[in-house]
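S.K.: Sharing a sequence plus its predicted fold:
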Amino acid sequence: MTADAFIFWFLSLITLGSALSVMLLANPVYSALSLVMTMVGISALFVTLGAYFIAGVQLIVYAGAVMVLFVMVLMLFDLRAELQAFSRGQISGALKLATVGALAGLIGGALLLSAGNVAEPSMAEAAKLPPDASKALGIVLFTRHIFGFEALGVLLLVIAIGTVALARAKGGTHAKH
Amino acid sequence: MPLGGVIFLAVFIALFGALLIVLARAAGGGLKTGTGVKFDPYECGIPGQEKRDTKISVKFYLTAILFILFDIEIIFMYPWAITFRDFIFSGQGLVVGIAMLVFLLIFIFGLFWEIKSKALEWD
Amino acid sequence: MGQDIFEIVVNGLKLIVIFLLMVQAVPILVWVERRGSAFIQNRLGPNRVGPLGLLQLLADAVKFLTKEDMLPNQAVRFLFYAAPVTALIPGVIAYCAIPLGTPISIEAFEMFGRSWGPYVFPMQGFDIGVGIVFVLGVSSLAAYTILMAGWGSGNKFSLMGALRASAQMISYELALGLSIVGIIMLYGTFNLTEMINAQQGALTYSAFGHQLAIPALPNWGLFYQPLGFILFFAATFAEANRLPFDLAEGEAELVAGFHTEYGGFKMLMFFIGEYAHMMIACGLVVTFFFGGYLVPYMTPEQVQSWVATWASSPNAVSAWTSVIHLLSYFVKFAFFMWFFIWVRWTLPRFRYDQLMDLGWKTMLPWALANTILTALVVYFAHTIK
């Protein structure tokens, strides 16, 4: 086995293992921390594909921002009530596993069905990527996808306004009177 | 591939840290656990009143979610920043510059709306 | 990590050496901090153990090692122990991506009956192509160790300290990320080595089809992005949880913040993590705004040809060139480390609402203004002839 293949399998093991433990661990804080680990693993897998900038974005946005919010909010709750409500009991465990199995079956089925239509990427094609792929990404983003880029700005603005409307202490929908 | 180095270093540091903790535990006379006052959570001179469900201001949540939004906007400026000079040299500088200016104006509008709506006030 | 076993072993050893140097630097920095604070406050500081109190480092290490390992009864055992260990990881990995000197090239040689090389070893832990994005991403993971420690301790002071620290870190990460957009635009790359190479020679502004050379000054990023430098450097103070932004451990309010329940070696590991963040901050400031490892007024080629006048073999020339650049980096780096300590013992602490106001309402708009201004200048400087 080559070193690259070893790194790939090692990272896949870590990513999938932590993704599994997101569901199987009883404590929500541990689940959230496992999800952080999953995000870091996915970011490392992007590096193995040569997509350095996307790997960095995955780290900054998902591992460094979205998951900080999750962990922070989970730490604010009284988790004992949640622990008793969700983690004990075989029915909930069986339901979790069934959901996971159904989702995995769906994704696997979709992959199998579409496998014929997708050309298999070869190492030679991957080697044709420009060495500075982040520049190529920028050029595509600001020529072909420029409208989507502007729409994203508006979308983020709408989300910001919606969040503040929900959560601010004075005058929001959850305001103290 | 540099990734091998990153993984190696992360594993090495984790093992190194775990070893240090085990060594320090042995040198300090083993792990001490118990239920006496000594093992209560720290408190300044009065009996501890620990509850897990300490109420925390919703401001922390608001800060975190606004951070995500602005962080995504900033991340989108990075590919623009490294290609802007190339665009200028290839004659598309004006179009790309105006596109980014519109994006930035939306950003600035959002930021000033947050400030004006007092969402960023801490009291 | 490399093509053959020699390269892999050397690269692995290099990583371990950088890590151990960072760990070793912490007691020395603590000593500098204590002596420096004493100097600033007109006291003596530690001066009893050994010459100038230098052996105090050793005494402290022994003291830390022999502290008893105590688990508070409300603590979550796994997180309580995992937090200090993970506190080391993001800081050290991010620092390893910063270039410290010119690469060392080694010619082909014979060993164990086969020929090896030639090799080129970069003077940095690993060269990730998108250096700055990688460093920002990895160091943003430090928020989790703080949250883990705060929640795992089972103490309300720790939890409040951790929440404050992480809210502060993410707030200033915005100003930090935005203040370097200008510098990325000027250099047109994410790669730290390429950024350093762009700062060679004397300061030369080229705009409107003309060139204005100022030979007295080196071509450092500082002279192109002065506002960016101030914003970036100020934001790194908040990222590293240092005074005047160390609200996370405001003694008057929160005892010691997220590490209230920690002692002994576990406490020391948080210390190392905090100092690692200072080192990343100083390394990045030097790389972006002060020419990185470059020797002022001399390009690496000039240094190399000067070394070649007295060094014997090509390997020695390459190695000595790298060492000279490493020293140049270290002098700049040490100045900014001292600056961190200087500021800590000079300025008072902010209040929490002032801290958040400064981050969101002052530094973020200014960083935006810096970005727009830089874009306008770059655009008109290149289009108007």
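M.R.: Alright, I've got the coordinates.
S.K.: Please count neighbours and contacts with C-alpha atoms only from this point.
M.R.: Noted.
S.K.: which ones are touching the most centrally placed residue in chain A?
M.R.: With distances taken as C-alpha atoms, centre = their mean, residue A:39 lies nearest the centre of chain A, 5.6 Å away. Going by C-alpha atoms under 8 Å, 6 or more residues apart in numbering or on different chains, residue A:39 touches A:15, A:58, A:59, A:62, A:63.
S.K.: The host helix or strand of it: how far from the chain's middle?
M.R.: Assigned by DSSP states H and E, residue A:39 belongs to helix A:28-48. Relative to the mean C-alpha coordinate of its chain, helix A:28-48 is positioned 8 Å out (C-alpha atoms, centre = their mean, to the nearest Å).
S.K.: Give the next helix or strand downstream of it.
M.R.: Next helix or strand after helix A:28-48 toward the C-terminus (DSSP H and E): helix A:52-57.
S.K.: Check which helices and strands the longest helix along chain C is in contact with.
M.R.: Ranked by number of residues, the top helix in chain C under DSSP state H is helix C:5-40. Helix C:5-40 sits against helix B:2-27, helix C:56-66, helix C:77-96, helix C:264-289, helix C:314-344, with contacts defined as 3 or more C-alpha pairs under 8 Å, 6 or more residues apart in numbering or on different chains; DSSP states H and E.
S.K.: Nearest to chain A, out of the ones you listed?
M.R.: helix B:2-27 (6.9 Å; C-alpha to the nearest C-alpha).
S.K.: average pLDDT for the closest one?
M.R.: Regarding helix B:2-27, the rounded mean pLDDT is 85.
S.K.: Check which helices and strands it sits against.
M.R.: helix A:28-48, helix C:5-40, helix C:56-66, helix C:77-96, helix C:264-289.
S.K.: now with 10 Å?
M.R.: helix A:3-24, helix A:28-48, strand B:31-32, helix C:5-40, helix C:56-66, strand C:69-70, helix C:77-96, helix C:264-289 (3 or more C-alpha pairs under 10 Å, 6 or more residues apart in numbering or on different chains; DSSP states H and E).
S.K.: among those, which gets the worst mean confidence?
M.R.: Ranked by mean pLDDT, the helices and strands packed on helix B:2-27 bottom out at strand B:31-32, which scores a mean of 75.
S.K.: on that earlier part again, so what's the gap between the longest helix of chain C and the chain middle?
M.R.: Taking C-alpha atoms, centre = their mean, one finds the center of helix C:5-40 at 12 Å from the center of the full chain.
S.K.: cool, and stretch A:19-34?
M.R.: The answer for stretch A:19-34 is 14 Å, by C-alpha atoms, centre = their mean.
S.K.: Okay, buried residues for that stretch please.
M.R.: A:19-23, A:26-34 (16 or more other C-alpha atoms under 10 Å in any protein chain shown).
S.K.: What parts of the stretch 101-250 of chain C come near chain B?
M.R.: Residues of the stretch 101-250 of chain C lying near chain B by C-alpha under 10 Å from any C-alpha of the partner chain: C:125-129, C:133, C:151, C:153-160, C:163-164, C:166-168, C:170-175, C:177-190.
S.K.: buried set for the longest helix along chain A?
M.R.: Criterion DSSP H: the longest helix present in chain A is helix A:90-114. By neighbour count on 16+ other C-alpha under 10 Å, the buried set for helix A:90-114 is residue A:93.
S.K.: So which elements touch it?
M.R.: On a contact count with 3+ C-alpha pairs under 10 Å, 6+ apart, helix A:90-114 meets helix A:3-24, helix A:79-86.
S.K.: tilt between the first one and helix B:2-27?
M.R.: Looking back up the chat, that one is helix A:3-24. Orientation check (axes from the mean of the first three to the mean of the last three C-alpha atoms, to 10 degrees): helix A:3-24 against helix B:2-27 gives 60 degrees.
S.K.: give me the number of residues near residue C:380?
M.R.: For residue C:380, the neighbour count with other C-alpha atoms under 10 Å in any protein chain shown is 14.
S.K.: Just the element for it, please.
M.R.: Per DSSP H and E: helix C:364-383 holds residue C:380.
S.K.: Give the closest residue to residue A:146 in space, chain neighbours not counted.
M.R.: In space, residue A:146 comes closest to residue B:99 once its chain neighbours are excluded; the distance is 7.5 Å by C-alpha to C-alpha, 6 or more residues apart in numbering or on different chains.
S.K.: Does that neighbour lie in a helix or a strand, and which?
M.R.: Counting by DSSP H and E, the element that carries residue B:99 is helix B:93-116.
S.K.: Sort out which residues of that helix are buried, please.
M.R.: Buried residues in helix B:93-116 (16+ other C-alpha under 10 Å): B:93, B:96-97, B:99-100, B:103-104, B:106-108, B:110-111, B:113-114.
S.K.: what's the offset of it from the middle of its chain?
M.R.: On the basis of C-alpha atoms, centre = their mean, helix B:93-116 sits 24 Å off its chain's mean C-alpha point.
S.K.: Show me what it is packed against.
M.R.: Packing contacts for helix B:93-116, counted by 3+ C-alpha pairs under 10 Å, 6+ apart, involve helix A:133-143, helix A:146-167, helix B:59-89, helix C:364-383.
S.K.: so which residue of chain A comes closest to chain C?
M.R.: With C-alpha to the nearest C-alpha as the measure, residue A:60 is the residue of chain A nearest to chain C, at 4.4 Å.
S.K.: Skipping its backbone neighbours, what lies nearest that residue in space?
M.R.: That would be residue C:137: by C-alpha to C-alpha, 6+ apart, it lies 4.4 Å from residue A:60.
S.K.: And for residue A:54?
M.R.: Nearest to residue A:54 is residue A:46, by C-alpha to C-alpha, 6+ apart, at 6.8 Å.
S.K.: what's the burial count for that neighbour?
M.R.: The burial count for residue A:46: 17, using other C-alpha under 10 Å.
S.K.: Next one: it relative to residue A:91, how far apart?
M.R.: When distance is defined by C-alpha to C-alpha, to the nearest Å, residue A:46 is 37 Å away from residue A:91.
S.K.: Could you do residue A:48 as well?
M.R.: Where residue A:91 is concerned, residue A:48 sits at a distance of 40 Å (C-alpha to C-alpha).
S.K.: ok, now residue C:113?
M.R.: 66 Å.
S.K.: neighbours around residue C:82, how many?
M.R.: So residue C:82, with other C-alpha under 10 Å, has 18 neighbours.
S.K.: Was I right to think it contacts residue C:148?
M.R.: Yes - between residue C:82 and residue C:148 there is a contact under C-alpha atoms under 10 Å: 8.0 Å.
S.K.: list the contacts for the residue nearest to residue A:60?
M.R.: By C-alpha atoms under 10 Å, 6 or more residues apart in numbering or on different chains, the residues touching residue C:137 are A:40, A:55-65, C:90, C:94, C:131.
S.K.: Check the burial of residue A:6 by counting its neighbours.
M.R.: Using other C-alpha under 10 Å, the number of residues around residue A:6 comes to 12.
S.K.: ugh, typo on my part, it should be residue A:148
M.R.: Neighbour count for residue A:148, taken as other C-alpha under 10 Å: 12.
S.K.: how about residue 15, what does it touch?
M.R.: Unless you meant another one, I'm taking chain A. So residue A:15 contacts A:9, A:21, A:34-45 (C-alpha under 10 Å, 6+ apart).
S.K.: wait, chain C
M.R.: B:5, B:6, B:8, B:9, B:12, C:21, C:92, C:93, C:96, C:124, C:125, C:126.
S.K.: Buried only: go through the residues you listed for me.
M.R.: Buried positions within these, assessed by neighbour count (16+ other C-alpha under 10 Å), are B:5, B:6, B:9, B:12, C:92, C:93, C:96, C:124, C:125, C:126.
S.K.: Okay, now the sheet partners of the helix or strand of chain B with the lowest mean pLDDT, with direction.
M.R.: Of all helical and strand segments in chain B, the minimum by mean pLDDT, DSSP states H and E falls on strand B:31-32, at a mean of 75. Strand pairing for strand B:31-32, using DSSP bridges, gives strand C:69-70 (parallel).
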